[in-house]
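> sequence plus predicted model, see below.
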Protein chains: 2
Amino acid sequence: MTERSFFDSRWIERPPHVAQASTPGLPEGFRAAGVACGIKPGGVRDLGLLTCSVPAVSSAARFTRSGTLAAPVLLNTRRCRLDAIRAVVVNSGNANAATGAPGLDDAARMQGAGALAAGVPESAVAVASTGVIGVPLPIDAVMRGIADVSGQLRPDGDGDFSEAIRTTDAFAKHVCLEVALPGGSVRLTAQAKGAGMISPRFATLLCFVQTDAQLAPETCDLLLAVTAKRSFERITVDGQLSTSDTLILQCSGASGVQVAPESEAELRFGEALDVTLRQLALMIVRDGEGARRVGRVIVRGGDEDTAWRVGRSVADSSLVKTALYGGDPNWGRIVQAVGAAMPGCAPLDVDVAIEGVQVCSRGARVAHDADGLAAAVAREEVEYEIGLPGEGAQAELYFSDLGHEYVTINAEYTT
Amino acid sequence: MTERSFFDSRWIERPPHVAQASTPGLPEGFRAAGVACGIKPGGVRDLGLLTCSVPAVSSAARFTRSGTLAAPVLLNTRRCRLDAIRAVVVNSGNANAATGAPGLDDAARMQGAGALAAGVPESAVAVASTGVIGVPLPIDAVMRGIADVSGQLRPDGDGDFSEAIRTTDAFAKHVCLEVALPGGSVRLTAQAKGAGMISPRFATLLCFVQTDAQLAPETCDLLLAVTAKRSFERITVDGQLSTSDTLILQCSGASGVQVAPESEAELRFGEALDVTLRQLALMIVRDGEGARRVGRVIVRGGDEDTAWRVGRSVADSSLVKTALYGGDPNWGRIVQAVGAAMPGCAPLDVDVAIEGVQVCSRGARVAHDADGLAAAVAREEVEYEIGLPGEGAQAELYFSDLGHEYVTINAEYTT
């Protein structure tokens, strides 16, 4: 992945005012580090700290909507000022989920230690844990790790931080961008993790975003809401909803470049955030615990609810996903998944096109170039277009295939 | 499978008045056959005919609720007297689904040829097709097959018929039972197919049931409704809804033994039908396109809707299913699946027990014998019990694991 350009999907167009930064490192005001504290075997990094030196930071956050929230998520929503997050402490290898009152105590200790390490109030510290569910957090290792990591904070520590938050990810996901705004250039960096237990409809996975642009907390929240909906809420690997998913945007304002509401700067910054989160979301789908191919399904027609239900039914269909893995243009399975999402609607005038090749019109097969289609679905990205009767709605989802590697990863390891 | 007793699951108790028949063959009045007509390669059986010689037959049927119904299902609901089905014509290797108006014509031709072959009116013939979706039915082969099979009808042709309806099934699923009723003994036979594209909430798969007991059409319908709900609507292999699923019960009445409404005979016959369909349903889950293990999840507490939604979320979770395949007592994934089905309910006081071992109480891990649990989940049937806050509801579902064989079958073949 590292040799590829960050914006490497044909589905994402880089705006001209967004460019990969020529020098590495976090935006002004931020420092980060990642260390190995011993939760994961083999001495790999499993604890990260990210801090902002600017007291007037503004931030926004989104969390999983699971009914069985992990302790750190519960703690953040209860004891953290989400519009003014200055530090983030994250461990991988253990989700601190289904751990009851002791788990909440551990999350609080993480928050307290993070506050000491970052030199900020406890309420300015967000915590996150990712990994196995239902195992007590090895809190002593975490506390040692926080003490250790606080001495290693660096302006270019985002790479190590990004390593420290990985679980089953095959590759680290982070980026460093320059965004040209009318008032000057700002920096936008992001680190994400996620490969399995990924489902749409919710802000999934872990993703941390930093900028030195100056945004009011309300602007921060609005932009995060809109861009999360267009990125992480549109992806699925396995239709499974994590207990731990966390997305945080922090703005130090240290560049002095303001992003005012309804300004050209807001539009441009929003576009930059949008493509960044969408590309990271796609990278997570591509990682997809052994995924070979990524699909995009676009549903047009019908009402909003139906279009999204059909889109999710296709994107989460194990038959569609195994066909994608096998490079099989098995459009009958698409029809099956559409029908499953629309019980009682038969006969249904559904249209299906794969890679622009119309294969089904008004519910019935149409003659097409089967060889050309077979070649098209063997590529890395495959596009499915579904037309439903009626006007109006449009849903769009990205999904990974389902292959042997997914089974191996999830049958052989306790994750 | 053939060496095992039919009732071989610890989850199904054979009532004392139900026994496997000592002699093979269909109930009085029925004949069947299965031939190879050339839809499937290799000269294997792919066309079946089953007829009843009694004009006063009573019957009942259930079909998939897919919005993209296969042509035979549409035809049955439009042009077949479902309470008086005398003949059933079935092909495998092609689902005649997403085939439009030509597909409906083909289904009608199948019905017409079936009527000729069985010597009954067209409206007394039900048709069924199972196999690949979106490929035109090779109707000439089917017509030749129907002409061929009509000369081979035999009272003990249910084995060949059962072979002819198979698709990816690893083994044929059929049974021949004697049921002792107060008025005398009746015979109950059934043939089923199904391994993939199996989901609860609907009458899934193909299953044909015959008896020489005498039932009014209303009784027939009532008993089928109740028993389908307790069997085929409680199973899932891959959460995928077929376009073709069909369940038909035919009663010839030839034994002269009456099953009157609200009688002891109805109770006993209903019990026999219940265990038969439940065992067949379990066999389909066990077949489950390469399944190694079968799970049962019982959800207690909450309201009906929530209990079933949680049950389905667990039974269809690719993470729970890969853990089952791997023999991994990964109860954190159960908690995850419960949380996904109950967004916004955190913190949730959920209890989880696996094979009777309590692993999670009120949302948090409880100490347990991990080694004993690991041994228990390595067996062929694994039971998961989930407790939700509140009184009352109970949901029960059976599901297969997700392993390499499922991926191989569904990635490498167009099914």
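Perfect, I can see it now.

> contacting residues for A:Cys52?
A:Gly29, A:Phe30, A:Ile85, A:Arg86, A:Ala87, A:Gln210, A:Gln250, A:Ser252 (C-beta atoms under 8 Å, 6 or more residues apart in numbering or on different chains). Every residue, glycine included, has its C-beta placed from N, CA and C.

> just name the closest of the residues you listed to chain B, please.
Within the set of the contacts of A:Cys52, A:Ile85 lies nearest chain B; the separation is 20.5 Å, counting by C-beta to the nearest C-beta.

> per-residue confidence for the residue in the stretch 101-250 of chain A that chain B sits nearest to?
Here the stretch 101-250 of chain A gets closest to chain B at one residue, A:Ile133, 2.7 Å apart by C-beta to the nearest C-beta. pLDDT, A:Ile133: 82.

> near the closest residue to it other than its chain neighbours, how many other residues are there?
In space, not counting the residues next to it along the chain, A:Ile133 is nearest to B:Gly332; the distance is 2.7 Å by C-beta to C-beta, 6 or more residues apart in numbering or on different chains. For B:Gly332, the number of neighbouring residues by other C-beta atoms under 10 Å in any protein chain shown comes to 27.

> what about chain A, any weak spots by pLDDT?
Counting by pLDDT under 70, chain A contains low-confidence ranges at A:1-4, A:196-204, A:413-415.

> so after the longest helix seen in it, what's the next helix or strand?
Of all the segments assigned as helix in chain A under DSSP state H, the longest by residue count is helix A:264-287. The first helix or strand that comes after helix A:264-287 along the chain, using DSSP states H and E, is strand A:294-300.

> and that next one, what does it pack against?
With contacts taken as 3 or more C-beta pairs under 8 Å, 6 or more residues apart in numbering or on different chains; DSSP states H and E, strand A:294-300 sits against helix A:264-287, helix A:304-315, helix A:318-326, strand A:381-387, strand A:394-400.

> how about the longest one: buried residues?
Of the residues in helix A:264-287, those scored as buried under the neighbour-count criterion (16 or more other C-beta atoms under 10 Å in any protein chain shown) are A:265-266, A:268-287.

> which one of the helices and strands packed on strand A:294-300 lies closest to chain B?
Taking C-beta to the nearest C-beta as the measure, those were each checked against chain B, and helix A:318-326 came out nearest at 3.2 Å.

> send over the closest one as PDB, restricted to the C-alpha atoms.
The C-alpha trace of helix A:318-326 is given here as PDB (Å, rounded to 0.1, in the frame of the first residue of the first chain):
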ATOM      1  CA  SER A 318     -22.500 -13.800   1.700                       C
ATOM      2  CA  LEU A 319     -23.400 -15.200  -1.700                       C
ATOM      3  CA  VAL A 320     -22.700 -11.900  -3.500                       C
ATOM      4  CA  LYS A 321     -19.500 -11.600  -1.500                       C
ATOM      5  CA  THR A 322     -18.200 -15.100  -2.300                       C
ATOM      6  CA  ALA A 323     -19.000 -14.500  -5.900                       C
ATOM      7  CA  LEU A 324     -17.000 -11.200  -5.800                       C
ATOM      8  CA  TYR A 325     -14.100 -13.200  -4.200                       C
ATOM      9  CA  GLY A 326     -14.300 -15.800  -6.900                       C
END
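
> for the following helix or strand past that helix, name the packing helices and strands.
Scanning the chain past helix A:318-326 towards its C-terminal end, the next helix or strand to appear is helix A:331-341 (assignment: DSSP H and E). For helix A:331-341, the packing partners by 3+ C-beta pairs under 8 Å, 6+ apart come out as helix A:304-315, helix A:318-326, strand A:351-354, strand A:357-361, strand A:381-387.

> run through who's touching the helix or strand following the fourth one.
Using DSSP H and E, the helix or strand that follows strand A:357-361 towards the C-terminus is strand A:364-365. When contacts are taken as C-beta under 8 Å, 6+ apart, the neighbours of strand A:364-365 outside the stretch itself are A:Val359, B:Ala98, B:Thr99, B:Gly100, B:Ala101, B:Pro102, B:Gly103, B:Gly134, B:Val135, B:Pro136.

> now do the phi/psi pair for the residue lying closest to A:Leu69 once chain neighbours are set aside.
In space, and not counting its chain neighbours, A:Leu69 is closest to B:Ala346: 3.8 Å by C-beta to C-beta, 6+ apart. For B:Ala346, the backbone dihedrals (degrees, to the nearest 10) come out as phi -70, psi 150.

> what's the spacing between B:Ala346 and A:Val377?
Per C-beta to C-beta, to the nearest Å, B:Ala346 is found 40 Å from A:Val377.

> for the residue at the greatest distance from the centre of chain A, phi and psi?
Ranked by distance from the centre of chain A (C-alpha atoms, centre = their mean), the top residue is A:Ala367, with 38.8 Å. Here the main-chain torsion angles of A:Ala367 (degrees, to the nearest 10) amount to phi -60, psi 140.

> returning to that earlier point: filter the contacts of strand A:364-365 to the buried ones?
Buried residues within the contacts of strand A:364-365, counting neighbours by 16+ other C-beta under 10 Å: A:Val359, B:Ala98, B:Thr99, B:Gly100, B:Gly103, B:Gly134, B:Val135.

> could these go into JSON lines alongside secondary structure and distance to A:Ala124?
Formatted as JSON lines, these follow (DSSP: H, G, I helix; E, B strand; the rest coil; distance: C-beta to C-beta, whole Å):
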{"residue": "A:Val359", "secondary structure": "strand", "distance to A:Ala124": "54"}
{"residue": "B:Ala98", "secondary structure": "coil", "distance to A:Ala124": "57"}
{"residue": "B:Thr99", "secondary structure": "strand", "distance to A:Ala124": "63"}
{"residue": "B:Gly100", "secondary structure": "helix", "distance to A:Ala124": "62"}
{"residue": "B:Gly103", "secondary structure": "helix", "distance to A:Ala124": "64"}
{"residue": "B:Gly134", "secondary structure": "coil", "distance to A:Ala124": "57"}
{"residue": "B:Val135", "secondary structure": "coil", "distance to A:Ala124": "62"}
